[in-house]
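Asks: Okay, predicted coordinates and the sequence, questions at the end:
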Amino acid sequence: MTIRRIGCVGDLHGALGSLLKVLEHLRNAEVEGILFTGDFARGPFNRDPALGNTASPDELLSVVTSASANVLLVPGNHDDPVLGGGVSVDGRETSWLGWRVAGVGGSPYTGGRFPYEWRDDRTDLAVWRAPDILLAHSPPADSGLDVIKSGKAVGSKAIREITDRMTGLLVCGHIHEAVGVSQLGQCLC
Ligand SMILES: [Zn+2]
């Protein structure tokens, strides 16, 4: 069996110092490429400059895109939907390191509080063929990776629908307090 390593990084929220530490770790681990699950923008929860997470999405992006020749990202709900340009795989599928990778940026609607939200009853994803790797900002619904502090599960049903057809890997971010690994059917999340 060949073991291959990729890096998965999410929810930077302006934290340039932490990003540099993570990238050094990934360099030492000799990863083939890095996937970024979005939320480069600082957002309302850490807008206080005293927290030190003051890097802009553009500053973070220039570090991210020069960190590896093989970088893909999706924008998060805090980000501009067009963030990343050609490095963004949002809403499309691409070939990456021999895998078919598809991306879904943003998150289900929370009342319009964030710049990139959509209605979770969207049907466009239902016709997608299952990719080898799905890079999503939002976790799938009822995956254990979508539980917020109150105990409520807030993941996306539309993303869950793709996950249920997959036999590969789903990489997501968004719900900071639910970080972890979960197996949904044949898909490792
Ligand atoms: Zn988010």
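Replies: Thanks, I have it.
Asks: Show me which residues of this protein are close to the ion?
Replies: Residues of the chain that fall close to the ion, judged by Cβ under 5 Å from the ion: 39, 76-77, 174. Every residue, glycine included, has its C-beta placed from N, CA and C.
Asks: Tell me which residue of this protein lies closest to the ion.
Replies: residue 174 (3.8 Å; Cβ to the ion).
Asks: tell me, how many neighbours does that residue end up with?
Replies: 25 (other Cβ atoms under 10 Å).
Asks: same question, residue 160
Replies: Count around residue 160 with other Cβ under 10 Å applied: 22.
Asks: would it count as being in a strand?
Replies: No - using DSSP: H, G, I helix; E, B strand; the rest coil, the assignment for residue 160 is helix, not a strand.
Asks: Scan the protein for its longest helix.
Replies: For the chain, the helix with the greatest residue count under DSSP state H is helix 16-28.
Asks: Using PDB, write out every CA atom in that helix.
Replies: Output of helix 16-28 as PDB, limited to C-alpha atoms (Å, rounded to 0.1, in the frame of the first residue of the first chain):
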ATOM      1  CA  LEU A  16      -1.100  34.600   9.800                       C
ATOM      2  CA  GLY A  17       1.100  33.400  12.600                       C
ATOM      3  CA  SER A  18      -0.700  30.200  13.100                       C
ATOM      4  CA  LEU A  19      -0.800  29.600   9.300                       C
ATOM      5  CA  LEU A  20       3.000  29.900   9.100                       C
ATOM      6  CA  LYS A  21       3.400  27.300  11.900                       C
ATOM      7  CA  VAL A  22       1.000  24.900  10.100                       C
ATOM      8  CA  LEU A  23       2.800  25.300   6.800                       C
ATOM      9  CA  GLU A  24       6.100  24.600   8.400                       C
ATOM     10  CA  HIS A  25       4.600  21.400   9.800                       C
ATOM     11  CA  LEU A  26       3.200  20.400   6.400                       C
ATOM     12  CA  ARG A  27       6.600  21.100   4.700                       C
ATOM     13  CA  ASN A  28       8.300  18.800   7.200                       C
END
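Asks: Which strands or helices does it pack on?
Replies: Applying 3 or more Cβ pairs under 8 Å, 6 or more residues apart in numbering; DSSP states H and E, one finds that helix 16-28 contacts strand 7-9, helix 57-67.
Asks: List the contacts of it.
Replies: 7, 9, 12, 34, 52-55, 59-60, 63-64, 67-68 (Cβ atoms under 8 Å, 6 or more residues apart in numbering).
Asks: Specify the angle between that helix and helix 57-67 in degrees.
Replies: 10 degrees (axes from the mean of the first three to the mean of the last three Cα atoms, to 10 degrees).
Asks: Quick one: end-to-end length of stretch 90-100, please.
Replies: Using Cα to Cα, to the nearest Å, the end-to-end distance of stretch 90-100 comes to 13 Å.
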